[in-house]
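Q: Turn this into a model:
(one chain, ligands or ions: 1)
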Amino acid sequence: MVGGFAATQLLVTAARLSIADHVAAGHTEVEALAAQTGAAPGPLGRFLRMLVVLGVLRQSGAGRFELTPMGQFLRADHPDTQHERLIFIGAVNYPTAQASVHAVKTGEKAFDQVFGMPLFDYLDGEPQLRDIFAGLMSDSVEGRAEGICRVHDFADASLIVDVGGGDGSLLRAILRTAPQARGVVFDRQSLASGQDGAPADAAAREPEFVGGDMFAAIAPAGADIYILSNIIHDWNDEESIAILRNCRAAMKKDSRLLIIEEILPTRIEQAPATIANDYSMLLLTGGRQRTRQEFAQLLKAAGLRLSTVRPIELNARGARRRENWALVECRPGR
Ligand SMILES: C[S@@+](CC[C@H](N)C(=O)[O-])C[C@H]1O[C@@H](n2cnc3c(N)ncnc32)[C@H](O)[C@@H]1O
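A: Predicted coordinates for the structure are as follows:
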């Protein structure tokens, strides 16, 4: 654990140089890898030896390497690739963690301390990282989308709005079970504009993208269902109540709001990944994971009523992460 920083940086460097992809493409010798990556052969050889120590490469001859089964996960084309996650961690989580003491002492966001602005504002100006982030969110959505459609029936909705819906992965999955519905993803202008090229083909059940700020107003108004998936945990109580009030303002009398979040367990060992996400929020955005009672209080403050909380079953890929997802259904009124 003490030397964990070195392992993370070795993996981030391997990802930034696409070492695993070059080795998989047959560039297995130091000289060939140096030519592919633009690195100096001497230092690169010493770096590659460390990847052997770490267990992601194996030495197959003098100055020659191959990927171990674990090293395969660094390939960008592996179905469970860690490539983009490592690029993001290297650029965002790693530098942010340097302000951990500040965050723990004050409750202020480590990210803002290091980068001088909030995470989502920073991502607006870094399109590569913003798209990686949207892709990582979409991967995680894949683990729970089927489970969400099993616990909630979308068959009677005409209009569904996914607030902060990212690249539309969740709404696409929902629209497959609700062919009658129109689906709108409401997200930041920078993200929504990037989706303009997506085909607005009704047969492919593509959602529409609307750009805006959920702290100003949520559009369109009057939908049957509003979704906040993995959103409230990004924000402190005051900000969360502001988002929920804006949802409430957009809702009709009989609209439903579905909050999809990881619920904080009573015992830490029940969902260690949820505990880890809670700590990430402390550092990155100033948000938090919450208990069921904490959700009920936020909802009350925003003029909404919690009607049910149902656990979401994750698929085999999602289940490996040991998170504690639930769908909280809410209606207007206290
Ligand atoms: C943690 S991601 C969640 C993505 C997706 N809903 C999911 O289930 O994984 C947070 C999303 O909120 C969006 N977002 C952040 N600030 C926003 C704002 N002020 N208005 C609208 N969307 C915002 C981000 O662009 C991002 O897509």
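
Q: Now for Glu261: which residues touch it?
A: Ser229, Asn230, Ile232, His233, Gln289, Arg290, Phe295, Trp325, Ala326, Val328 (Cβ atoms under 8 Å, 6 or more residues apart in numbering). No exception for glycine: its C-beta is placed from N, CA and C like everyone else's.

Q: Would you state the secondary structure element containing Ser280?
A: helix 272-284 (DSSP states H and E).

Q: do that helix and the ligand meet at all?
A: No: using Cβ under 6 Å from any ligand atom, helix 272-284 never reaches the ligand; the gap is at least 9.5 Å.

Q: Just the buried positions in stretch 263-272, please.
A: Neighbour-count burial for stretch 263-272, counted by 16 or more other Cβ atoms under 10 Å, picks out Ile263, Leu264, Pro265, Ala271.

Q: swap in stretch 43-59?
A: Leu44, Gly45, Phe47, Leu48, Leu51, Leu54, Val56, Leu57.

Q: What's the separation between the second one and the ligand?
A: Between Gly45 and the ligand the distance, using Cβ to the nearest ligand atom, to the nearest Å, works out to 40 Å.

Q: Give me the pLDDT for that residue.
A: Here the pLDDT value assigned to Gly45 is 98.

Q: and the nearest residue to it once chain neighbours are set aside, what does it touch?
A: Leaving aside its sequence neighbours, Gly45 sits nearest to Val30 (Cβ to Cβ, 6 or more residues apart in numbering; 4.5 Å). Counting by Cβ under 8 Å, 6+ apart, Val30 touches Pro41, Leu44, Gly45, Leu48, Gly63, Arg64.

Q: Name the next helix or strand downstream of the helix or strand where the third one lies, please.
A: Read that as Gly45. Assigned by DSSP H and E, Gly45 belongs to helix 41-54. Moving toward the C-terminus from helix 41-54, the next helix or strand (DSSP H and E) is strand 57-61.

Q: for that next one, packing partners?
A: On a contact count with 3 or more Cβ pairs under 8 Å, 6 or more residues apart in numbering; DSSP states H and E, strand 57-61 meets helix 41-54, strand 64-67.

Q: What I need now is these written out in a markdown table, including distance to Leu171 for each item.
A: Shown next, in a markdown table, are the helices and strands packed on strand 57-61 (distance: least, Cβ to Cβ, whole Å):
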| stretch | distance to Leu171 |
| --- | --- |
| helix 41-54 | 39 |
| strand 64-67 | 37 |
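
Q: and of these, who's closest to Asp167?
A: Judged by Cβ to Cβ, the one of the helices and strands packed on strand 57-61 that comes nearest to Asp167 is strand 64-67, at 29.6 Å.

Q: which of the residues in the closest one are buried?
A: Phe65, Leu67.

Q: Please apply the same query to stretch 241-254.
A: Ile241, Ile243, Leu244, Arg245, Asn246, Cys247, Arg248, Ala250, Met251.

Q: and the closest residue to Pro332 other than its chain neighbours, what does it touch?
A: Closest residue in space to Pro332, ignoring its immediate chain neighbours: Met251 at 5.5 Å, by Cβ to Cβ, 6+ apart. Contact analysis of Met251 by Cβ under 8 Å, 6+ apart lists Ala221, Gly222, Ala223, Tyr226, Leu257, Pro332.

Q: now swap in Arg248 and tell me
A: Leu257, Ala302, Gly303, Leu304, Pro332.

Q: let's go with 10 Å and repeat that
A: Applying Cβ atoms under 10 Å, 6 or more residues apart in numbering to Arg248 gives the contacts 218, 226, 241, 255, 257, 299, 302-304, 330-333.
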